[in-house]
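Engineer: have a look at this prediction, sequence included:
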Amino acid sequence: MRSLSRLSRPRGRAAAWLTLVLAGVLATGFGVAGAAGAFGATAASAAAGPASAGWPQPGGDLGSTRFSQLTQVNTGNVKNLQVAWTMSMGTDRGLEGQPLVVGSTMYTVSAYPNYVTAINLANQRILWKYVPPEQETSPIAAKGAAVNTACCDVVNRGPAFWNGKLYFLTLDGHVTALNATTGKVIWNVQNANSNIAQTGTAAPMVINGKVIAGMSGDEYGVRGYLTACDANTGKRLWRAFNVGPDKDLLASPQFIKRFGANSSLKTWQGNEWKQGGGAPWAWMSYDPKLNLVYNTIGNPAPWNPTQRPGDNKWAEAVTARNPDTGQLMWAYQFNIHDNWDYDSTQEMIFFNAHVNGNTIPAMAHFDKNGESYVLSRATGQLLAAHSYYVNNNVVTGVDMKTGRTQYNPAKLTPQGKVVNNICPFAQGAKDDQPAAFDPANGLFYIPTNNGCMQWQSMHVTFQGGQNPFVGAIVRFFRGPGGYGGAFEAFDPMTGKISFMDKEAWPVWSGVLTTAGGVAFYGTLDGFFKAVDEKTGKILFTFHMPSGVIGAPIAYTTPSGEEEIAVYSGLGGWPGEYIPNQEFNPTDELGAVNWYRFGRCTAADDPCQTPLQDEVNLGGDLMVFHVPGSMSAAAAAAATSGMSPITLAPLTAGPVALVIALALGLGHLRRRGAIRELGILRPVGWRISLRSLPAGDA
């Protein structure tokens, strides 16, 4: 690891003044405004967990806020961000997801083949590597069942950690537990069958000693389910389906009383539910106080809506389950009888909503359909709904009494009709790339897409196995306004967009927010950016080796230095056409028309440089730092007797200056420097310095 010069404790008059200066800098340079209450949103600290210098969950915390309380990297110094170190991931396919950081170790999982790596953050040396044996014997060139059917791309959204064990899903359908110290296999169980197009790309979550895992395969007519395994043995404890009869849903008595018997089954015609999709292929969140795990659900199958009349519950919904039993407690469906492949697998982000003078533990969801939804975590009650996508011509609103999303009838896609200029397109105003929340200002930072499409539904017969079950011919193209996506600051309680940083292509990366007032995201054409959360001003840009579809994280090294890490590796739905060598405009479910040919309509009218001409494939972990950024924080912590992590929350509000100065004065009192500086007496303050901390607060 890079060595940093040790800071000795300051001495004398100059040192005393330095302490106060550092305190002021800490408050004004590192702090961020704390007027979150005015926005109707504040931190959900009880659910999110305590401040951490690591990144122990896929979403940073149990509430998927993707917020870091670290402040070493901030608006004042992020322009000095530099590459600290890099590592090849061993693959050149799409790198979604994010690393985990637990203690002094970072854990990564690559795209297929699923290389798992543990890295010692003290010296960046690899501690161990693991790849599933079945993947070593069937490399990607062999085009195995999982590679042939995975949608979209052979990605992985990251591992989970619990009690000295690392858990991850393999593309070919296994859940594997490794010893986090040695990399040795503890157990390995099959969760999905790739021979019938079931695959594993989701990030698992460990709750109460249970590994909860989803699966994928909606475009092949699988029936989606969530599975819980014993974290120590791998034994299956429960499996709950998302569509079908109550007994398969593990519907609780409370659920049946509220939604009626067979609430899903009644919304499907005949046996269509048996190949009805609804796979949970992305993210989860968990509220320990309510003991509920929230899982978001994919699209119904097939895409052709004419073949599956009804609401098609509970596809494209969020479910709230007891993680110990799998019992379904409540559900909320975002898209009724989907016509556009609007999966609702986007994450659920925790925060506290302020409604009519009440503070409600809530969560925000930014759906593919361009609408934001705020729900009560306890009941699923809809608290707010607003459009975050400015070019939406599909959704006309959300009925706040019934919770049902309302649609423009001109954009419905029944069989036998070609529908043009549908905005957003099937990749959504936002797909599974995760947004982030900053509790200091109550804003959400969203990576958005600006794409439209032409759609023609057609009859398709379910054949099972590895035969697609889609039933639609689709062409994507760039949306109106001359841009392909935007990084957006948004308040879901009011619907206000604070700013939009527009990009040439969809913003397909995740987002990181920080207590330093800086947000981070990446672009498909290969740039990593730091943004002032207040203004949207781009403060830092770095040209990456490849496009960015992963999610950045922040953590501290064993020496105490803050680092920012993110994957560089183009792929996913926007980029899979490149290694697959696809040229038909309708290939990749319509993506080729826009990304390969740069088109702005369904016709042959290129309007921008094709994506493959702007960026290369790749597969790297990129890690950044600001050299010397640790010094100011370390000095302030040393003089106050508090750790940088303890200091961070205290620098996030309008009283930060007073607190920081008081801490500095407390230190000066202990060192006998108050009298030397001659302060306090001229203004006649009556501050009891005896109440200030002598150690950690």
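Structural biologist: Good, I have the coordinates.
Engineer: can we go C-alpha only for contacts and neighbour counts from here?
Structural biologist: OK.
Engineer: my read: Ser344 touches Ser372, true?
Structural biologist: No. Using CA atoms under 8 Å, Ser344 is not in contact with Ser372; the gap is 11.3 Å.
Engineer: okay, these two: which has more neighbours?
Structural biologist: Ser344 (30 against 24; other CA atoms under 10 Å).
Engineer: low-confidence ranges in the stretch 551-697 of the chain?
Structural biologist: Across the stretch 551-697 of the chain, residues meeting the criterion (pLDDT under 70) sit at 632-697.
Engineer: so which residues of it form strands?
Structural biologist: 553-556, 562-568, 620-625 (DSSP state E, counting those that start in this stretch).
Engineer: could I get those in a markdown table, plus columns for distance to Ala317?
Structural biologist: Shown next, in a markdown table, are those (distance: least, CA to CA, whole Å):
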| stretch | distance to Ala317 |
| --- | --- |
| strand 553-556 | 27 |
| strand 562-568 | 29 |
| strand 620-625 | 33 |
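Engineer: what is the neighbour count of Val418?
Structural biologist: Around Val418 there are 16 other residues, counting by other CA under 10 Å.
Engineer: bridged to it, which residues?
Structural biologist: Gln456 (DSSP bridges).
Engineer: so it makes contact with Met458?
Structural biologist: No. Using CA under 8 Å, Val418 makes no contact with Met458, being 10.0 Å away.
Engineer: where does pLDDT dip in the protein?
Structural biologist: For the chain, residues meeting the criterion pLDDT under 70 lie at 1-52, 138-143, 632-697.
Engineer: let's see 80
Structural biologist: Applying pLDDT under 80 to the chain flags residues 1-52, 137-144, 630-697.
Engineer: and the residue nearest the centre of it?
Structural biologist: Pro434 (2.8 Å; CA atoms, centre = their mean).
Engineer: surely that residue meets Gln346?
Structural biologist: Yes. Using CA under 8 Å, Pro434 is in contact with Gln346, at 6.9 Å.
Engineer: what is in contact with those two at once?
Structural biologist: Contact criterion CA atoms under 8 Å, 6 or more residues apart in numbering; no residue bridges Pro434 and Gln346 by contacting each.
Engineer: against His386, how distant is Gly479?
Structural biologist: According to CA to CA, to the nearest Å, Gly479 stands 20 Å off from His386.
Engineer: how about Asn593?
Structural biologist: Distance from Asn593 to His386, by CA to CA: 30 Å.
Engineer: one more: Gly526?
Structural biologist: Gly526 is 31 Å from His386, where distance means CA to CA.
Engineer: next one: Lys430
Structural biologist: Between Lys430 and His386 the distance is 14 Å, computed by CA to CA.
Engineer: the two: which is more packed in?
Structural biologist: Ranked by neighbour count (other CA under 10 Å), Lys430 and His386 place Lys430 first, with 32 against 19.
Engineer: give the contact list for Glu588.
Structural biologist: Glu588 makes contact with 573, 576-577, 582, according to CA under 8 Å, 6+ apart.
Engineer: helix, strand, or coil at the residue nearest to Thr117 when sequence neighbours are not counted?
Structural biologist: Residue nearest to Thr117 in three dimensions, not counting chain neighbours: Lys129, with 4.6 Å by CA to CA, 6 or more residues apart in numbering. Secondary structure assignment for Lys129 (DSSP: H, G, I helix; E, B strand; the rest coil): strand.
Engineer: in space, what's closest to Phe528 - neighbours in sequence excluded?
Structural biologist: Closest residue to Phe528 apart from its sequence neighbours, by CA to CA, 6+ apart: Gly522 at 4.3 Å.
Engineer: that neighbour and Leu512 touch, don't they?
Structural biologist: No. In this structure, Gly522 is not within contact of Leu512 by CA under 8 Å, at 10.2 Å.
Engineer: so what sits against both of the two?
Structural biologist: When contacts are counted by CA under 8 Å, 6+ apart, the set common to Gly522 and Leu512 is empty.
Engineer: quick check: which element contains Ala84?
Structural biologist: According to DSSP states H and E, Ala84 maps onto strand 82-88.
Engineer: that strand: partners in the sheet, and parallel or antiparallel?
Structural biologist: strand 620-625 (antiparallel).
Engineer: ok so, going back, burial count for the residue nearest to Thr117?
Structural biologist: Lys129: 16 neighbours (other CA under 10 Å).
Engineer: how's the protein carved up into domains?
Structural biologist: According to automatic domain parsing, the chain comprises the domains 1-30+655-697, 78-625.
Engineer: follow-up on the earlier one: contact partners for the residue nearest to the centre of the chain?
Structural biologist: Residues near Pro434 by CA under 8 Å, 6+ apart: 346-347, 446-447, 509-511, 551.
Engineer: over to Arg478?
Structural biologist: Contacts of Arg478 (CA under 8 Å, 6+ apart): 450-452, 484, 594, 598-601.
Engineer: at 6 Å instead, please
Structural biologist: Residues in contact with Arg478 (CA atoms under 6 Å, 6 or more residues apart in numbering) are 451, 484, 600.
Engineer: return the member of the residues you listed nearest to Thr182.
Structural biologist: Gly484 (44.1 Å; CA to CA).
Engineer: give me phi/psi at that closest one?
Structural biologist: phi -100, psi -10 (degrees, to the nearest 10).
Engineer: what's the burial count for it?
Structural biologist: With other CA under 10 Å as criterion, Gly484 counts 22.
Engineer: Asn408 now?
Structural biologist: Neighbours of Asn408 under the rule other CA under 10 Å: 11.
Engineer: let me know whether Val374 touches Ala384 as I believe.
Structural biologist: Yes. The criterion here is CA atoms under 6 Å, and Val374 meets it with Ala384 at 5.0 Å.
Engineer: more neighbours: the two, which one.
Structural biologist: Val374 (24 against 20).
Engineer: so the more buried one, which state does it fall into?
Structural biologist: Look at Val374: counting by three-state DSSP, its state is strand.
Engineer: mind listing what it touches?
Structural biologist: By CA under 6 Å, 6+ apart, the residues touching Val374 are 363-364, 383-384.
Engineer: distance of Leu169 relative to Leu100?
Structural biologist: Leu169 is 15 Å from Leu100, where distance means CA to CA.
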